[in-house]
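S.K.: any chance you can model this:
(one chain, ligands or ions: 2)
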Amino acid sequence: MIGVGVLGARGRMGATVCDAVRAAPDLELVAEVDAGDDRSPAAKADVVVDFTHPDAVMDNLRWAVENRVHAVVGTTGFDDARLATLRGWLAAEPSVGVLVAPNFGIAAVLMMMFAARAAPYFESVEIVELHHPGKADAPSGTARRTAELVAAARASAGLPAAGPDATTSALGGARGARVSGVPVHAVRLGGLVAHQEVLLGGAGETLTIRHDSLDRASFMPGVLLAVREVAARPGLTVGLEPLLDLG
Ligand SMILES: NC(=O)C1=CN([C@@H]2O[C@H](COP(=O)(O)OP(=O)(O)OC[C@H]3O[C@@H](n4cnc5c(N)ncnc54)[C@H](O)[C@@H]3O)[C@@H](O)[C@H]2O)C=CC1
Ligand SMILES: O=C(O)C1=N[C@H](C(=O)O)C[C@H](O)C1
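M.R.: Numbers count the residues shown, from 1 in each chain. Ligands and ions are numbered 1, 2, ... in the order given. This is a model prediction of the structure:
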């Protein structure tokens, strides 16, 4: 049995993870921690799962590494500086594994992969992410990661990150934000869960790659896979891709 502690246990994702862990025959839910709770019961877990808030996650991870508890992290807000900090903590505790993934949905991982694959074949590319209005951050972690992958694929092909754009914006934000040079637009709308379109365009044709998470159940197979695998991967793993056989 793998003992699992959930940080952010009363949140939208944390509560769903608690249910998924309870339903898994090889996992035992040993701690449910939310804001203001004593975190120490999670020290007896083999793996903690963090779905909290970008402002809380680094403190939780420092605590997990210091207590030699492996961690699976879905919370967003990771940039190169945060990942470097995390690598530093892990260097002091080399047996500990931490996996950080901006999106645990298998179809979302495929969407990012397909977008990067397609990106060098088009003049223009823009990303639109659409989420529920309770989301803490913008743009989404998934959109940031997609933009980075798209920009890297285009750079390898000798292309600029963004396509041509003659527009002069009278209002700031009208053309979205640039992530690694790629325009990214964020929509917050009641009724939505988590969605993204990667729009690609060239001479006389466009390609739209769209992913929809219609229910938070979509993230659970990826989260549980990471929980089962993280102990075998000491150090930092970024993204679910290394755990999947994507050819
Ligand atoms: N990687 C992925 O596949 C996914 C990532 N997310 C990300 O997960 C995070 C959480 O999303 P939601 O569950 O929708 O948010 P939420 O707001 O519903 O839940 C967050 C929970 O964390 C708790 N919390 C805050 N600080 C805490 C702390 N220091 N210790 C313990 N608990 C704490 C809050 O009280 C709340 O209950 C966000 O960053 C979101 O973008 C969300 C869905 C999928
Ligand atoms: O906050 C959410 O809901 C989600 N957050 C992640 C992100 O920012 O990419 C993953 C998914 O989009 C849902």
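
S.K.: any idea which element residue 208 lies in?
M.R.: strand 205-213 (DSSP states H and E).

S.K.: that strand pairs with which strands?
M.R.: Strand 205-213 sits in its sheet next to strand 194-202 (antiparallel), going by DSSP bridges.

S.K.: sorry, back to before: list the buried residues in the strand holding residue 208.
M.R.: By neighbour count on 16 or more other CB atoms under 10 Å, the buried set for strand 205-213 is 209, 211, 212, 213. C-beta coordinates here come from the backbone N, C-alpha and C atoms, glycine included.

S.K.: right, and residue 180 touches residue 148 too?
M.R.: Yes. Taking contacts as CB atoms under 8 Å, residue 180 lies within contact range of residue 148: 4.9 Å.

S.K.: apart from its chain neighbours, what residue comes closest to whichever residue of the chain sits closest to ligand 1?
M.R.: Using CB to the nearest ligand atom, residue 11 is the residue of the chain that sits closest to ligand 1, at 2.0 Å. Closest residue in space to residue 11, ignoring its immediate chain neighbours: residue 51 at 5.9 Å, by CB to CB, 6 or more residues apart in numbering.

S.K.: and what of residue 176?
M.R.: Residue 176's closest residue in space is residue 185 (CB to CB, 6+ apart), at 4.0 Å.

S.K.: what separates stretch 59-75 from the chain centre, distance-wise?
M.R.: Using CA atoms, centre = their mean, to the nearest Å, the mean C-alpha position of stretch 59-75 is found 16 Å from that of the whole chain.

S.K.: so what would you say the end-to-end distance of that stretch is?
M.R.: Stretch 59-75 stretches 12 Å from its first residue to its last (CA to CA, to the nearest Å).

S.K.: over to stretch 154-174?
M.R.: Note: stretch 154-174 ends 24 Å apart using CA to CA.

S.K.: for stretch 160-177, same thing?
M.R.: Stretch 160-177: ends 16 Å apart by CA to CA.

S.K.: just the CA trace of the helix or strand just after the strand holding residue 208, in CSV.
M.R.: Remark: after strand 205-213, the chain's next helix or strand is helix 220-229, criterion DSSP H and E. Output in CSV follows, covering the C-alpha atoms of helix 220-229 (Å, rounded to 0.1, in the frame of the first residue of the first chain):
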residue,chain,number,x,y,z
MET,A,220,-7.3,11.5,-11.9
PRO,A,221,-5.6,8.7,-14.0
GLY,A,222,-2.6,11.0,-14.4
VAL,A,223,-2.5,11.9,-10.7
LEU,A,224,-2.7,8.3,-9.6
LEU,A,225,-0.1,7.2,-12.1
ALA,A,226,2.2,9.9,-10.7
VAL,A,227,1.5,8.8,-7.1
ARG,A,228,2.5,5.2,-8.0
GLU,A,229,5.6,6.2,-10.0
